[in-house]
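Asks: what would the 3D arrangement of this be:
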Amino acid sequence: MAVERRFPSHHLVRTFLLIGLLGPGIYMIFPVVGPVFAYGTGAFGTGGGHWALANLWPDVPPPLTTPHAMPYDQITPRNCMPSLHTAWATAIFIHSRKGPRILRFAGTFWLIATLGATLGFGYHYGVDLIAGVVFVLTIEAALRSHDRGWDRSGIQLVAYGVTVFAALLVSYRYLPVEMAAHPWVFGPLLILAMISVIYGYARTTTLWELKAAPAPQPKPQPELV
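Replies: Purely as a prediction, here's the structure:
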């Protein structure tokens with residue numbers, strides 16, 4: 001199937017490894033914990049109760065004060081920014097798109113289930129998921145550009161993904177109050193930023209596949225005797 005160009009030329013394991021290598025490094029630069037670890041157990045079995053700074057949610061709404069750093073111990077998982085759950089699930093979704101129908105269905109189900117579970121169980125905020133999608137698409141673009149040889153379109157796609165990802169992190173760090181005060185402005189802007197990366201990735205990789213597709217060979221014609 002790889003010869004027939006039905007899957008991306010690089011193996012899914014490479015994407016998984018890069019996500020696992022780069023993600024924890026960003027955790028250290030941008031240490032954030034999910035709602036269940038900050039405000040208590042939002043659902044049974046999440047395991048966040050003994051780590052939470054205060055057991056508030058869901059019985060008591062968290063206080064709406066100016067965002068500030070929360071001190072944690074050395075074992076509380078910094079597991080939010082970006083969402084690696086989302087990144088891995090999105091990678092599976094991408095690599096399953098041109099496989100058999102059952103594989104496409106499984107990839108779609110896994111992505112939807114992962115997004116719902118990470119939000120529903122309180123492991124992630126919505127902004128973590130947006131960052132996770134941009135994160136993995138940038139990695140996928142870099143791997144595919146490396147395999148086919150770096151050209152202008154590949155460099156532009158990766159540079160755009162890195163720029164959007166960095167802009168997301170900066171806005172989460174320095175504009176949280178403004179974003180919370182104007183959710184109907186910043187919410188669509190964040191989603192549009194993610195969609196722009198999705199569109200750029202889909203458009204660029206589709207052009208790559210069209211260029212790489214072998215030209216159809218003419219059928220042999222019967223010779224006149």
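Asks: quick check: longest helix of this protein.
Replies: helix 183-212 (DSSP state H).
Asks: counting by contacts, list what that helix packs against.
Replies: helix 126-148, helix 152-174 (3 or more Cβ pairs under 8 Å, 6 or more residues apart in numbering; DSSP states H and E). Backbone N, C-alpha and C define where each C-beta goes, glycine included.
Asks: can you put the ones you listed in JSON lines and add mean neighbour count, distance to His85 and mean pLDDT?
Replies: Listed next are those as JSON lines, based on neighbours: other Cβ atoms under 10 Å; distance: least, Cβ to Cβ, whole Å; pLDDT from 0 to 100:
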{"stretch": "helix 126-148", "mean neighbour count": "22", "distance to His85": "7", "mean pLDDT": "93"}
{"stretch": "helix 152-174", "mean neighbour count": "16", "distance to His85": "17", "mean pLDDT": "93"}
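Asks: among the ones you listed, which is nearest Trp110?
Replies: Of all those, it is helix 126-148 that lies closest to Trp110, at 13.6 Å by Cβ to Cβ.
Asks: now the angle from the closest one to helix 152-174?
Replies: Computed by axes from the mean of the first three to the mean of the last three Cα atoms, to 10 degrees, the angle separating helix 126-148 from helix 152-174 equals 160 degrees.
Asks: domain parsing of the chain, as residue ranges.
Replies: Split into domains by automatic domain parsing, the chain comes to 12-32+81-212, 34-63.
Asks: roughly how far apart are the most centrally placed residue in the chain and Tyr125?
Replies: Geometric centre of the chain, nearest residue: Val133, 2.1 Å, by Cα atoms, centre = their mean. Separation of Val133 from Tyr125 (Cβ to Cβ, to the nearest Å): 14 Å.
Asks: by mean pLDDT, which helix or strand of the protein comes out lowest?
Replies: Within the chain, no helix or strand scores below helix 35-39, which has a mean of 77 by mean pLDDT, DSSP states H and E.
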